[in-house]
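In: Okay, predicted coordinates and the sequence, questions at the end:
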Amino acid sequence: IPNVKIFSGSSHPDFSQKIADRLGLELGKTCVKIGESVRGKDVYIVQSGCGEVNDNLMKLRLMINAYKTASASGVSAVIPLLSLCPGFFDIPVDNLYAEPAVLIWIKENIPEWKNCIIVSPDAGGAKRVTSIADRLNVDFILIHKQRKKANEVDRMALIGDMTDRVAILVDDMADTCGTICHAADKLISAGATKVYAILTHSIFSGPAIQRINNACFEAVVVTNTIPQEEKMTHCPKFQVIVISVILAEVIRRIHHGESVSYLFNHVPL
């Protein structure tokens with residue numbers, strides 16, 4: 001793509017490299033100061049809101065200011081994991097979805113997907129699982145949970161019949177994984193034959209890895225919005241959906257003034 005520069009923050013350089021490779025570009029050089037001219041260029045900064053979140057967001061702000069000062073024609077932040085809601089911004093924000101990539105993964109990796117039920121581990125995910133279930137033409141159910149305190153579930157109630165069905169737990173984020181592991185046990189005790197978990201953002205802090213290893217999952221599927229290489233060595237159940245191709249296509253479409261909403265329902269080839 002002519003007149004475009006891709007730069008990476010320090011939070012997830014591998015993700016940034018995959019985007020650059022997809023677009024046939026080299027990552028720009030930045031180390032304290034900008035290592036090349038950006039005058040008149042459209043600059044895209046890839047910085048995920050993972051790891052040391054405050055530090056990474058502050059670095060992103062400093063980089064944005066530096067490129068503006070260096071006379072870039074435009075500066076856009078590409079944030080695979082955003083720690084704030086889009087409503088906090090007074091500038092244009094495109095909120096992207098991993099759902100199209102999730103649908104492809106399900107069809108390609110779960111032979112019994114036509115006999116599955118999409119499961120939300122809480123009522124807040126009802127809209128998410130309804131959308132996926134509708135597009136697969138399968139059923140969905142909800143789990144009602146009550147918490148004693150943050151990251152600790154007291155009770156769970158399954159709303160629906162799981163007998164002899166494959167369960168696919170879908171959630172937007174997993175931290176200590178107490179909820180999804182408790183939900184998996186609940187689904188198996190309710191008659192599910194297999195349980196998969198698909199998580200958009202996987203933080204996996206504290207006892208998360210140990211809990212997943214001890215749980216009854218066939219696979220735990222995550223996107224690559226957060227670096228997972230080290231954690232995958234400790235948990236053979238992990239599988240990764242690479243969504244950097246989607247963000248690369250977003251950059252191409254924004255640069256050429258094309259529709260981004262097309263990607264709400266399609267994954268670029």
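Out: Thanks, I have the structure now. Numbering: from 1, shown residues only.
In: Need the contact partners of the strand or helix carrying residue 132.
Out: Secondary structure from DSSP states H and E places residue 132 in helix 126-136. By Cβ atoms under 8 Å, 6 or more residues apart in numbering, the surrounding residues in contact with helix 126-136 are 99, 102-103, 106-107, 113, 116-120, 139-140, 142, 170, 172. For glycine as for every other residue, the C-beta is placed from the backbone atoms N, C-alpha and C.
In: which one of those is nearest residue 45?
Out: If you rank these by distance to residue 45 using Cβ to Cβ, residue 172 comes first, at 23.6 Å.
In: mind checking pLDDT for the closest one?
Out: Predicted confidence (pLDDT) for residue 172: 91.
In: quick one on the thing from earlier: for the helix holding residue 132, buried residues please.
Out: Residues 128-129, 131-133, 136 are the ones in helix 126-136 that count as buried (16 or more other Cβ atoms under 10 Å).
In: now do stretch 163-176
Out: Of the residues in stretch 163-176, 165-171, 174, 176 count as buried by neighbour count, 16+ other Cβ under 10 Å.
In: Show me the residues you listed that map onto helices.
Out: If you go by DSSP state H, the buried residues of stretch 163-176 have nothing in helices.
In: Residue 169 is in contact with residue 116, correct?
Out: No. Contact between residue 116 and residue 169 fails when scored by Cβ atoms under 8 Å: they sit 10.8 Å apart.
In: what comes up buried for stretch 35-42?
Out: Buried residues in stretch 35-42, counting neighbours by 16+ other Cβ under 10 Å, are found at 38, 41-42.
In: Do a quick rundown of the helices in the stretch 101-250 of the chain.
Out: 126-136, 178-189, 208-214, 229-232, 244-255 (DSSP state H, counting those that start in this stretch).
In: Turn those into CSV, including distance to residue 73 and mean pLDDT.
Out: Output for those, formatted as CSV (distance: least, Cβ to Cβ, whole Å; pLDDT from 0 to 100):
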stretch, distance to residue 73, mean pLDDT
helix 126-136, 37, 93
helix 178-189, 44, 92
helix 208-214, 43, 94
helix 229-232, 35, 84
helix 244-255, 11, 93
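In: Report the distance from the helix or strand containing residue 62 to the chain centre.
Out: Taking DSSP H and E as the criterion, residue 62 maps to helix 53-69. Computed by Cα atoms, centre = their mean, to the nearest Å, the chain-centroid distance of helix 53-69 equals 22 Å.
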